[in-house]
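A.B. asks: Test case, fold it:
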Amino acid sequence: MKLVVRVKLLPTPEQASALAATLRACNEAANWLSVRAFEGARTSRASLQALWYAGLKARGLSAQPALHVLRKVADAYSALPANPRPGNLKRRGPDRDARKASRPVAFRPDAAQPYDDRCLSWQWDEGTVSIWTTSGRMKGLAFTGQTEQLTLLASRRKGESDLLHEGGRWYLLATCEVPPAALNTAPDGFVGVDLGIVNIATTSTGSRFSGRRLNRCREAERRLRAKLQRKGTKSAKRRAKRHAGREARRARDVNHKISKHIVAEAQRTGRGIALEDLTGIRERVRLRKPQRVTLHSWSFRQLGTFIAYKARRAGVPVVYVDPANTSRECSRCHHVDRRNRPSQAVFACQACGFVEHADLNSSHNIADRGWWTWVRGAESQVPALALTG
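C.D. replies: Residues are numbered from 1 along each chain as shown. Presented below is the predicted three-dimensional model:
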């Protein structure tokens, strides 16, 4: 399985300027090539290399960086039919594909640039990298990271690394090939995980991870963004830029901690993990306007992905179950009734009188469905790509 390790670079001001100039030059070349590929309707790697490789080198790129720019442009066009994001189109409907295909793909000035071992080398003992820039080979560029991740990177790194500039900081995103642990083919039951907004995750073993603090922080960030946008001054824009991405980083950190706890508990007890299949929930659920903001800022997919890849590393089986009526079904007598949920937090069965916290009751139902899914042989495929950071 593949893991992506984020390594933080520590450039001097002069080194940072050289890296910024390199990203700018590579993405300007990518935009130049994208226009020509679009106008000539030749977007495959082979045709772009035959037609425009010399032109890229004439723009100041060395051989390997020029090839990476070629591949980046070709890959963007090959992914375009299935991905509306490159065009940044917000409208939905039949006109979206036509609008998306009516203009060349554009790359941001600071978009990530891939590097291979010919233009990037690691010096593990010194804690530095040597990297190609438009002003020459840069040596002695320091990097840092968690000890566990750096050890993994030194022993398992494979393939390309991406140079990334984000939030005023420089990173290298390196891919590692890690063999997954042997799968536990005879789990002793399943840990059901109910994902929610008030409680981010509730497990059938009784663990509950409250989302109140995270939701309060999100609301505070939204109010601050709205205030700064209304003000519109230069200082307000600078402050908004400093705060950009803070909410996402906080949610990502919380999701990593929750997923680590859940997988460790399942591995320790010899169980599997059962998750709800929430694909398309944003399109299915109808909520009032104030609730839509909360739902659309809920990173349940990220948490599910984190649980899945950590489980694969630990050899813990993961199954996905139908989420229908998990919150209305009694985990004791399996009676389903809307009246079983008199409030958000309380479950009270109208048939047998069983009373429990609503999220805990749902997690028991998910665990039961996970076991029967496993018995029927419908084991889920855990995603192969995972992120660390």
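
A.B. asks: Can you tell me how far A63 is from A37?
C.D. replies: When Cβ to Cβ, to the nearest Å is applied, the distance between A63 and A37 equals 20 Å. Quick note: C-beta positions are derived from backbone N, CA and C, even for glycine.

A.B. asks: between the two, which one's more packed in?
C.D. replies: A37 (23 against 12; other Cβ atoms under 10 Å).

A.B. asks: these two touch, right, that one and Y77?
C.D. replies: Yes. The criterion here is Cβ atoms under 8 Å, and A37 meets it with Y77 at 6.5 Å.

A.B. asks: Need the overlap of contacts for these two.
C.D. replies: T43 (Cβ atoms under 8 Å, 6 or more residues apart in numbering).

A.B. asks: Can you give me every residue that contacts the one residue sitting closest to the centre of the chain?
C.D. replies: Among the residues of the chain, the one closest to the centroid is Q302, at 5.9 Å (Cα atoms, centre = their mean). Neighbour list for Q302: A251, R252, N255 [criterion: Cβ under 8 Å, 6+ apart].

A.B. asks: R339 too?
C.D. replies: Counted by Cβ under 8 Å, 6+ apart, R339 has contacts Q350.

A.B. asks: how far away is it from L360?
C.D. replies: 19 Å.

A.B. asks: now do G272
C.D. replies: 19 Å.

A.B. asks: which one of these two has more residues nearby?
C.D. replies: Using other Cβ under 10 Å as the criterion, G272 and L360 rank with G272 on top: 27 against 21.

A.B. asks: Identify the bridge partners of that one.
C.D. replies: Bridge pairing for G272 (DSSP bridges) gives the partners F190.

A.B. asks: Show me the domain layout of the chain.
C.D. replies: Domain segmentation of the chain under automatic domain parsing yields 12-112, 114-177, 190-211+247-382.

A.B. asks: Dump those into JSON lines; add mean pLDDT and distance to R239 as well.
C.D. replies: What follows is the domains of the chain, written out as JSON lines (pLDDT from 0 to 100; distance: least, Cβ to Cβ, whole Å):
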{"stretch": "domain 12-112", "mean pLDDT": "82", "distance to R239": "20"}
{"stretch": "domain 114-177", "mean pLDDT": "91", "distance to R239": "14"}
{"stretch": "domain 190-211+247-382", "mean pLDDT": "84", "distance to R239": "15"}
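
A.B. asks: Mean confidence (pLDDT) on the helix or strand containing R6, please.
C.D. replies: Using DSSP states H and E, R6 falls within strand 2-10. Taken as a whole, strand 2-10 carries a mean pLDDT of 90.

A.B. asks: Which residues does it contact?
C.D. replies: Residues from elsewhere that reach strand 2-10, judged by Cβ under 8 Å, 6+ apart: 19, 129, 141-145, 149-150, 152-153, 156-157, 169-178, 309, 384-389.

A.B. asks: Just those: which are in strands?
C.D. replies: Among these, DSSP state E puts 129, 141-144, 157, 169-177, 385-387 in strands.

A.B. asks: Now a ChimeraX select for only the buried ones of those residues.
C.D. replies: Remark: buried members of these, expressed as a ChimeraX selection using 16 or more other Cβ atoms under 10 Å:
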select :129,141,143,170,171,172,173,174,175,176,386,387
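
A.B. asks: Okay, strands next: where are they in the stretch 1-150 of the chain?
C.D. replies: Remark: strands assigned in the stretch 1-150 of the chain by DSSP state E, counting those that start in this stretch are 2-10, 113-115, 120-123, 128-133, 136-144.

A.B. asks: could I get the ones you listed as a markdown table with distance to H243?
C.D. replies: Formatted as a markdown table, the strands of the stretch 1-150 of the chain follow (distance: least, Cβ to Cβ, whole Å):
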| stretch | distance to H243 |
| --- | --- |
| strand 2-10 | 20 |
| strand 113-115 | 26 |
| strand 120-123 | 32 |
| strand 128-133 | 30 |
| strand 136-144 | 24 |
